[in-house]
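Asks: Build the 3D model from these lines:
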Amino acid sequence: MKGFININKAAGKSSAQAVAAVKRLFNVPCGHMGTLDPMATGVLPVGLYKTTRLFPYLLDKTKTYRARFLFGISTDTLDTTGKTENTTDIIPTEQEITSNLDKFTGIIEQVPPNYSAKCVDGKRGYQLARRGVEFSLAPKRVEITDFSLIGRISEKEYEFEITCKGGTYIRSLARDLGAACGSLAVMSALERTASGKFTLDNSVSVDELLSSATPEKFIIPADFAVDYEKLVLTETQAKKILDGVYEDYGFTGGVYRVYNGSDFWGIGEATEGRLKIKAYVR
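Replies: As a prediction, the model looks like this:
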């Protein structure tokens, strides 16, 4: 079995819980691409069995979020689930916010939240933070292609749309935008609306998936998510590659979606005319 289930994760559930539900249903190993915090909702692609081998080729995909930021407060988790650390009466106007958004587009340096899966001396940041251990994380480069204000939700809360590359922390954006506006801010809601080709339109909730008499209809083909040029092997080429014989077939150098007939085998890389499969899903 291969392919993806694009889960529309509900608030209050962890990404691991969503994956476990898919795993139990189809009785195959599974993995997810791009963790969503428990309070977050939206697109969570889950790879079935060997499909998870494609994840390294999907990490650089663009993701889109709808996020709400609550101004005037800071917490230890950088969102509204955490413990309040500081407050302020300074709440920025729409004009003050929009005038600062350009500072957070392009390639920027961002300090991840301490409550994150980042490792410190072999321990996850959230594990250390929960134990009250003092530590700091190094800034990392992230890429944000669009950061737009949608509108004001309440006196202290605004809604945004953010398009970015993988590895961006929206909670850190809330903290940093708040500081740039001379205030404080935390993330109060988050929905991932797209991750590469996975969108809300082709997603399914865990409840709908589990209640379906034909859950296999929600499986998205494994090659749906990868955009590399298609390369179809002849039967002779396919047999030799399976036998570990890598002859020079004159393939142009590069990365390909590799097929044997209509069967998607995975991602291959051609060098000096020879092809090696780097991520088998066959």
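Asks: Which neighbouring elements make contact with the longest strand belonging to the chain?
Replies: Longest strand in the chain, counting residues (DSSP state E): strand 140-152. On a contact count with 3 or more CB pairs under 8 Å, 6 or more residues apart in numbering; DSSP states H and E, strand 140-152 meets helix 94-98, strand 106-110, strand 157-165. (Each C-beta comes from the backbone N, C-alpha and C, glycine too.)
Asks: Minimum distance to residue 59: which of these has it?
Replies: Closest to residue 59 of these, according to CB to CB: strand 157-165, at 8.8 Å.
Asks: what's in contact with the helix or strand that the closest one is followed by?
Replies: Per DSSP states H and E, the first helix or strand lying C-terminal to strand 157-165 is helix 170-180. Residues external to helix 170-180 that are found in contact with it (CB atoms under 8 Å, 6 or more residues apart in numbering): 37, 65, 67, 69, 71, 74, 77-79, 97, 100-101, 103-104, 110-113, 144, 147, 162, 184-187, 190.
Asks: buried stuff in helix 170-180?
Replies: Buried residues in helix 170-180, counting neighbours by 16 or more other CB atoms under 10 Å, are found at 170, 171, 172, 173, 174, 175, 176, 177, 178, 180.
Asks: Please, where are all the helices along this structure?
Replies: Here the chain has its helices, by DSSP state H, at 15-26, 94-98, 125-130, 170-180, 206-211, 235-242.
Asks: which of those has the lowest average pLDDT?
Replies: Mean pLDDT values for these show the minimum at helix 125-130, a mean of 63.
Asks: Can you tell me how far residue 96 is from residue 174?
Replies: 15 Å (CB to CB, to the nearest Å).
Asks: for residue 232, same thing?
Replies: Distance from residue 232 to residue 174, by CB to CB: 47 Å.
Asks: And for residue 96, the neighbour number?
Replies: When counting by other CB atoms under 10 Å, one arrives at 14 neighbours for residue 96.
Asks: For it, which non-adjacent residue is closest in space?
Replies: residue 181 (5.3 Å; CB to CB, 6 or more residues apart in numbering).
Asks: Now do the same contact list for the one you found.
Replies: Applying CB under 8 Å, 6+ apart, the residues contacting residue 181 are 71, 90, 92, 96, 97, 100.
Asks: Buried only: go through those residues for me.
Replies: Listed as buried from these are 71, 92, 97, 100; burial here means 16+ other CB under 10 Å.
Asks: Quick one: low-confidence residue ranges for this protein.
Replies: 115-136 (pLDDT under 70).
Asks: rerun at 80
Replies: Within the chain, the ranges that satisfy pLDDT under 80 run 59-60, 113-137.
Asks: Give me the outermost residue of it relative to its centroid.
Replies: Centroid-distance maximum for the chain: residue 236 at 38.3 Å, with CA atoms, centre = their mean.
Asks: rewinding a little: now render the helices and strands packed on strand 140-152 as a markdown table, adding distance to residue 220.
Replies: Shown next, in a markdown table, are the helices and strands packed on strand 140-152 (distance: least, CB to CB, whole Å):
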| stretch | distance to residue 220 |
| --- | --- |
| helix 94-98 | 37 |
| strand 106-110 | 31 |
| strand 157-165 | 22 |
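Asks: so of the ones you listed, which one's packed in deepest?
Replies: Highest mean neighbour count of these: strand 157-165, a mean of 19 (counted as mean count of other CB atoms under 10 Å).
Asks: Okay, domains of this structure per the record?
Replies: 3-61+197-224, 62-195, 228-280 (automatic domain parsing).
Asks: For residue 153, state which of the buried ones among the contacts of residue 181 is nearest.
Replies: Nearest to residue 153 among the buried ones among the contacts of residue 181: residue 71, at 10.8 Å, using CB to CB.
Asks: Just to check, that closest one is in contact with residue 155?
Replies: No - contact criterion CB atoms under 8 Å: residue 71 and residue 155 do not qualify, at 9.1 Å.
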